[in-house]
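In: 3D, please:
(one chain, ligands or ions: 1)
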Amino acid sequence: MIELRGLTKRYRARLAVDRLTVTVEPGRVTGFLGPNGSGKTTTMRCILGLARPTAGTATVLGRAYRDLAHPVREVGALVDPRARHPGRTAHAHLLTLARSNALPPHRVDDVVELVGLAPVAHERVRGFSLGMAQRLGIAGALLGDPEVLLLDEPVNGLDPEGIRWVRGLLRDLADEGRTVLVSSHLMSEMQDTADHLVVLGRGRLLADVPMAELLGAYAAVRVRSPQAPLLASAVQRAGGHVELEIDGALRIDGLAAADVGDLAHEIGVRLHELSPVAGSLEEAYLALTGDDVEYRAVAP
Ligand SMILES: Nc1ncnc2c1ncn2[C@@H]1O[C@H](COP(=O)(O)OP(=O)(O)OP(=O)(O)O)[C@@H](O)[C@H]1O
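Out: Numbers count the residues shown, from 1 in each chain. This next block holds a predicted model:
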């Protein structure tokens, strides 16, 4: 478990994290989302004792990182996949990490195998692609077989097979009862991976919500009818919200598909299509963070 209580980090005039209070629970994958510069990496750095909070606390398994008895056995992290000696081989890098943390050398072979780097384990890190560097970073995070995992953009640079592998890995780790906090800007990937979401905007908490609940709030009903205006009026009277889609269909929020079907029947309107539409994380995320995006491209 990771607990943040009023966590605040200020860099001179810049408030990177602003009174963040969140509990990241074990046994599930928690997605950590937010626009560029919203404070995700800074939060992870505070949890890992790499940045000192200006105020508030960040604890792992009930303790500040510096007070953990065996940090790498308790929390594994991928924060900067490029932060390692380029002249070392992957195996040597992990062995150094294992030795300096009093871990048995066989763990190196275990994690090298697990992340699929066995064929290149004795090659120098300098020549690694971003995807290989990510796998090595994940291997390092798993070396101590930790209960808590923090992964900052673990699928960055991975090919589709690698992305699928990370998804399965995170699922397995959570199913084993571990705490998994993972950041990503890939919404479709996050939608398939995370059970729970913590969303930041300008350092502040915007949402701490189960994925299913958030997606449920953005679910809708799609309807096509030759008497669409009649149906739209009835839906609005019943409290639903109607938007016209580009192909002439109606997108209805606030009523279930069965309610829309019953309503159409009551007012004698014929339907040519009635389908529930699942909410997408991208849509929910953009709605949540819309006012909190600092860096936005301007149309030419
Ligand atoms: N060491 C630092 N010194 C000064 N400012 C910093 C430092 N680290 C982060 N910041 C600032 O704090 C804010 C939060 O940055 P952070 O990297 O935590 O955001 P993020 O959500 O991880 O962004 P991204 O999605 O782009 O990785 C940004 O405005 C950033 O410029």
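
In: how about the residues of this protein near the ligand?
Out: 11, 14, 16, 34, 36, 37, 38, 39, 40, 41, 42 (CB under 6 Å from any ligand atom). Just so you know, the C-beta spots here come from the backbone N, C-alpha and C atoms, and that holds for glycine as well.

In: Please narrow the residues you listed to those residing in helices.
Out: Those of the residues of the chain next to the ligand mapping onto helices are 40, 41, 42, per DSSP state H.

In: wait, the first one sits on residue 31?
Out: No. The criterion here is CB atoms under 8 Å, and residue 40 misses it with residue 31 at 10.4 Å.

In: residues shared between the contacts of the two?
Out: Both residue 40 and residue 31 are in contact with residue 183, where contact means CB atoms under 8 Å, 6 or more residues apart in numbering.

In: Switch the ones in helices among the residues of the chain next to the ligand over to CSV; also include pLDDT and neighbour count.
Out: As requested, those are exported to CSV (pLDDT from 0 to 100; neighbours: other CB atoms under 10 Å):
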residue, pLDDT, neighbour count
40, 95, 25
41, 93, 20
42, 95, 23
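
In: Nearest to residue 286, out of these: which one, please.
Out: The closest of these to residue 286 turns out to be residue 40 (CB to CB; 16.9 Å).

In: who touches the closest one in this structure?
Out: Residue 40 neighbours (CB under 8 Å, 6+ apart): 32, 33, 34, 152, 183, 200.

In: Which residue is the nearest non-sequential neighbour of it?
Out: Counting by CB to CB, 6 or more residues apart in numbering, residue 40 lies nearest to residue 183, which is 4.7 Å off, once chain neighbours are set aside.

In: tell me the SS of residue 113?
Out: Look at residue 113: counting by DSSP: H, G, I helix; E, B strand; the rest coil, its state is helix.

In: Quick check, pLDDT for it.
Out: In this model, residue 113 is scored at 94, pLDDT.

In: Return the distance of it relative to the ligand.
Out: Residue 113 sits at a distance of 30 Å from the ligand (criterion: CB to the nearest ligand atom, to the nearest Å).

In: Kindly report the same for residue 148.
Out: According to CB to the nearest ligand atom, residue 148 stands 19 Å off from the ligand.

In: still on that earlier bit, list buried residues within the contacts of residue 40.
Out: 32, 33, 34, 152, 183, 200 (16 or more other CB atoms under 10 Å).

In: Taking these together, which two end up most distant?
Out: Greatest spatial distance in the buried ones among the contacts of residue 40: 152 and 200, 13.0 Å, computed using CB to CB.

In: so where's the stretch 101-250 of the chain uncertain?
Out: Along the stretch 101-250 of the chain, no part satisfies pLDDT under 70.

In: ranges for the strands of it?
Out: Along the stretch 101-250 of the chain, the segments classed as strands by DSSP state E, counting those that start in this stretch run 148-152, 179-183, 196-201, 204-210, 220-224, 241-244, 250-253.

In: so the helix or strand hosting residue 44 versus strand 148-152, what angle?
Out: If you go by DSSP states H and E, residue 44 is part of helix 40-47. With axes from the mean of the first three to the mean of the last three CA atoms, to 10 degrees applied, the angle from helix 40-47 to strand 148-152 works out at 150 degrees.
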